[in-house]
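Pasting the sequence and the predicted model now:
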Amino acid sequence: MIKTLIHKILGKSQGKTARAGGKPAASRATSRIPVGKRVEVPASEHGIDPRLVDDRARKVVETLQNAGYEAYIVGGAVRDLLVGLRPKDFDVATNATPEQVKGLFRRAFIIGRRFRIVHVVFGRGRENEVIEVSTFRAYLDADAAEQVSGNEKTSKHDLAGKSHVVDASGRVLRDNVWGPQDQDAARRDFTINAMYYDPTTQIVVDYHGGIKDAKKRVIRMIGVPDVRYREDPVRIIRVVRFAAKLGFELEAKTREPLQEMAALLANVPQSRMFDEMIKLLQTGHAQASLDQLQKLGLDRGVFPILDAVFDETRRHPGRDQFVRLALNDTDRRVAEGKPVAPSFLLACLLWHDVLDHWKRNVAAGEPNFPALQTAIDTVFNARIGDISGRGKLAADMREIWSMQPRFEKRVGSGPLTLVEQPRFRAGFDFLRLRAQSGEIETQLSTWWEAFSMADMPERRDLMEQARNQESARRVQAARRPAAVAATPSDEDAVDSTAPAAKKRRRRRRKPTEGGADPRPIGGDAGE
């Protein structure tokens, strides 16, 4: 009663703000919704190959439809099917609520707060597949939503129990108001992501000309682009990813606000931005993604990690070639269906940042290996920061970097210990890229490749060869001018914690009798 009285005093009616002429905000919002016109496109026109549709996604749709609900494969999966690609993930949209969806499947879990969705799980362990099911959502204007003064980082307490909330910049922080399919299509970002495919009838429902844009290879925002970017600034990153992955061009009005809107990304939680960057680099088009960022003027200030790659002051051919090799290697593995570890690629992108700090630390008099650890800490603090849940990734990156000086030591027990390390293969692949880019001698990576595949007798032979090479190298090093300074990139100084030359032991000589040789058999050759 008190709440109703306050609303009347403030000129509100049932929680909807009155506007000029007495028209409520929700009504004005509805009139501005770009709902489009429903068009049902048959298989003879859209040409989707039903064999590319995942059987489990089809089963989810059929289960929902048999229970009396509407259900479609939706979003990126439909887009990929239209251009002849096999989708990596399948999402389903329905008019059933999350609770109703959950009740139809044995293994289904409601997740999320910003967007409540259901994960329907098939299989177990590494073989499991998740079909994401979302309920049709209403398109609500920011004027019709509750507003908080902070953002997603600072207003978690204010968001509790609310269904539709925006922050001061217009960013949607909660969107759990169910609605009809035409509004669900309108609230999706791009036309090519707003289509619905029914695998039982093979009809595509298209409200915004998505099929036409897909055939023209164009990415076009639904509605007013700058408003849509404000609703969710991460759409700025998504448009880059789609352009790189699909090779599509951005429609002019969709492209124009990008640089101006990029400042809004500062309000997005760091963990979400980090995840978006990983998606950008693991689409199988990592190099194209970086090219798109540069093309659209988004190569500075968006991702601290990528700032290191685009840093013109530290640009040199060796770094560029190393990064290009790493990106191409990642794209190749994705194309071959092989797993890709984000820790490896990130270690590659930040390597020359680490290397520069490492060299400076050594030049300042710090011992070699501690200098590397200090450099790693410096780069982590500057480029990655404290991202919750990234401990394993950070540990893997550190291990890859810390292995590099250990590869230089090919005598003693070191090689046998190193080759048994869990992350040896990642560290070796990193070494191989360094050799391919000309940073180190190819002979070193060739030796380690042979050593990793050899049996024990062959490994002993390889270590003996390395020992002989080391002896010869030290003889040559002793003849060099003493004034030559060592750096972490020099073969002589990669592990400066080891002595430069073996200490000679002083031997006591016994008085000789009869002119016998006083040296013991097997004495050091250098004595």
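Sure, I can see it. Residues are numbered from 1 along each chain as shown.

make it CA atoms for all contacts and neighbour counts henceforth
OK.

Check for me that D377 belongs to a helix.
Yes: counting by DSSP: H, G, I helix; E, B strand; the rest coil, D377 is found in a helix.

Need the residues that contact the helix ranked longest in the chain.
The longest helix of the chain (DSSP state H) is helix 456-479. Helix 456-479 is contacted by residues R410, V411, G412, W447, F451, A501 when judged by C-alpha atoms under 8 Å, 6 or more residues apart in numbering.

Figure out how far it is from the centre of its chain.
Chain-centre distance of helix 456-479: 41 Å, with C-alpha atoms, centre = their mean, to the nearest Å.

Go through that helix and flag the buried ones.
The neighbour-count check on helix 456-479 (16 or more other C-alpha atoms under 10 Å) flags R459, R460, L462, M463, A466, R467, E470, R474 as buried.

Stretch 254-267 now?
Within stretch 254-267, the residues scored as buried using 16+ other C-alpha under 10 Å are T254, R255, L258, M261, A262, L264, L265, N267.

Counting only helices, which of these make the cut?
Those of the buried residues of stretch 254-267 mapping onto helices are T254, R255, L258, M261, per DSSP H.

got the phi/psi numbers for the closest residue to the second one other than its chain neighbours?
Spelled out, it's R255. Among residues not flanking R255 along the chain, L296 sits closest, at 7.9 Å (C-alpha to C-alpha, 6 or more residues apart in numbering). Backbone torsions of L296, given as degrees, to the nearest 10, read phi -90, psi 0.

now swap in the one 5 residues further on and tell me
The phi/psi pair for G301 (degrees, to the nearest 10) reads phi 80, psi 0.

Show me where the stretch 401-527 of the chain dips below the pLDDT cut-off.
Applying pLDDT under 70 to the stretch 401-527 of the chain flags residues 480-527.

Swap in 50 and give it another go.
Residues of the stretch 401-527 of the chain meeting the criterion pLDDT under 50: 483-484, 486-487, 489-527.

ok, now how distant is D89 from G75?
Per C-alpha to C-alpha, to the nearest Å, D89 is found 10 Å from G75.

for L140, same thing?
Counting by C-alpha to C-alpha, the gap from L140 to G75 is 20 Å.

The ones in helices among the buried residues of stretch 254-267 into TSV, with extra columns for pLDDT?
Shown next, in TSV, are those (pLDDT from 0 to 100):
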residue	pLDDT
T254	96
R255	95
L258	94
M261	92
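
which residue ends up closest to the midpoint of the chain in space?
Against the mean C-alpha coordinate of the chain, by C-alpha atoms, centre = their mean, the closest residue is I278 at 0.5 Å.

ok, it touching P342?
Yes: I278 is within contact range of P342, at 6.8 Å (criterion: C-alpha atoms under 8 Å).

how about the helices in the stretch 101-250 of the chain?
Remark: helices assigned in the stretch 101-250 of the chain by DSSP state H, counting those that start in this stretch are 181-187, 210-216, 225-231, 235-246.

Looking at the ones you listed, which one is packed in the most?
A comparison of the helices of the stretch 101-250 of the chain by mean neighbour count, using mean count of other C-alpha atoms under 10 Å, puts helix 181-187 on top with a mean of 23.

who's in contact with that one?
Helix 181-187 is contacted by residues 33-38, 95, 136-139, 194-195, 207, 222-223 when judged by C-alpha under 8 Å, 6+ apart.

Just the buried ones from those residues, in ChimeraX syntax?
Here is the ChimeraX selection string for the buried members of those, based on 16+ other C-alpha under 10 Å:
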select :33,34,35,36,95,136,137,138,139,194,195,207,222,223
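
Farthest-apart pair in the contacts of helix 181-187, please.
Within the contacts of helix 181-187, N95 and G223 form the most distant pair, 22.9 Å apart (C-alpha to C-alpha).

got any ranges where the chain has weak pLDDT?
Across the chain, the ranges flagged by pLDDT under 50 are 1-31, 152, 159, 388, 483-484, 486-487, 489-527.

now do 80
The chain contains residues with pLDDT under 80 at 1-34, 113-115, 124-127, 140-176, 308, 311-317, 384-391, 473-474, 476-527.

follow-up on the earlier one: could you check which of D89 and G75 is surrounded by more residues?
Remark: of D89 and G75, G75 carries more neighbours, 23 against 13, as counted by other C-alpha atoms under 10 Å.

list the contacts for the nearest residue to E249 once chain neighbours are set aside?
Take E249 and drop its neighbours on the chain: the residue closest to it by C-alpha to C-alpha, 6+ apart is V218, 5.0 Å away. Contacts were defined as C-alpha under 8 Å, 6+ apart; by that measure V218 touches F248, E249, L250, E251.

Show the buried residues in these.
Neighbour counting with 16+ other C-alpha under 10 Å marks F248, E249, L250 as buried within the contacts of V218.

Switch the residues you listed over to a markdown table, and while doing so, append distance to Q436 to every line.
Below are the buried ones among the contacts of V218 laid out as a markdown table (distance: C-alpha to C-alpha, whole Å):
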| residue | distance to Q436 |
| --- | --- |
| F248 | 32 |
| E249 | 34 |
| L250 | 36 |
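
for those residues, which one is nearest Q404?
Nearest to Q404, judged by C-alpha to C-alpha, of the buried ones among the contacts of V218 is F248 at 39.8 Å.

can I assume the closest one is in contact with R217?
Yes: F248 lies in contact with R217 (C-alpha under 8 Å); the separation is 4.7 Å.

neighbours around G301, how many?
Using other C-alpha under 10 Å, G301 has 13 neighbouring residues.

ok, the residue lying closest to it once chain neighbours are set aside - contacts?
Nearest non-adjacent residue to G301, counting by C-alpha to C-alpha, 6+ apart: D307, 6.7 Å away. Going by C-alpha under 8 Å, 6+ apart, D307 touches D299, R300, G301.

need the residues you listed in JSON lines with distance to A186, can you?
Putting the contacts of D307 into JSON lines (distance: C-alpha to C-alpha, whole Å) gives the following:
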{"residue": "D299", "distance to A186": "30"}
{"residue": "R300", "distance to A186": "31"}
{"residue": "G301", "distance to A186": "31"}
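
Spatially, which pair of the contacts of helix 456-479 is furthest apart? Let me know, please.
Counting by C-alpha to C-alpha, the most remote pair of the contacts of helix 456-479 is F451 and A501, 25.0 Å apart.

who's more crowded, these two?
F451 (21 against 11).

if I look at that one, how far off is P225?
Counting by C-alpha to C-alpha, the gap from F451 to P225 is 57 Å.

Send me stretch 327-346 as PDB with only the CA atoms.
Extracted as PDB, the C-alpha positions of stretch 327-346 are listed here (Å, rounded to 0.1, in the frame of the first residue of the first chain):
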ATOM      1  CA  LEU A 327      48.700 -18.000 -34.600                       C
ATOM      2  CA  ASN A 328      49.000 -20.100 -37.700                       C
ATOM      3  CA  ASP A 329      49.800 -23.200 -35.600                       C
ATOM      4  CA  THR A 330      46.700 -22.600 -33.500                       C
ATOM      5  CA  ASP A 331      44.500 -22.100 -36.600                       C
ATOM      6  CA  ARG A 332      45.900 -25.300 -38.000                       C
ATOM      7  CA  ARG A 333      45.200 -27.300 -34.900                       C
ATOM      8  CA  VAL A 334      41.600 -26.000 -34.800                       C
ATOM      9  CA  ALA A 335      41.100 -26.900 -38.400                       C
ATOM     10  CA  GLU A 336      42.400 -30.500 -37.700                       C
ATOM     11  CA  GLY A 337      40.000 -30.800 -34.800                       C
ATOM     12  CA  LYS A 338      42.900 -31.000 -32.300                       C
ATOM     13  CA  PRO A 339      42.700 -29.500 -28.800                       C
ATOM     14  CA  VAL A 340      44.100 -26.000 -28.300                       C
ATOM     15  CA  ALA A 341      45.400 -24.900 -25.000                       C
ATOM     16  CA  PRO A 342      44.900 -21.100 -24.400                       C
ATOM     17  CA  SER A 343      47.900 -21.100 -22.100                       C
ATOM     18  CA  PHE A 344      50.200 -22.000 -25.000                       C
ATOM     19  CA  LEU A 345      48.900 -19.300 -27.300                       C
ATOM     20  CA  LEU A 346      48.900 -16.600 -24.600                       C
END
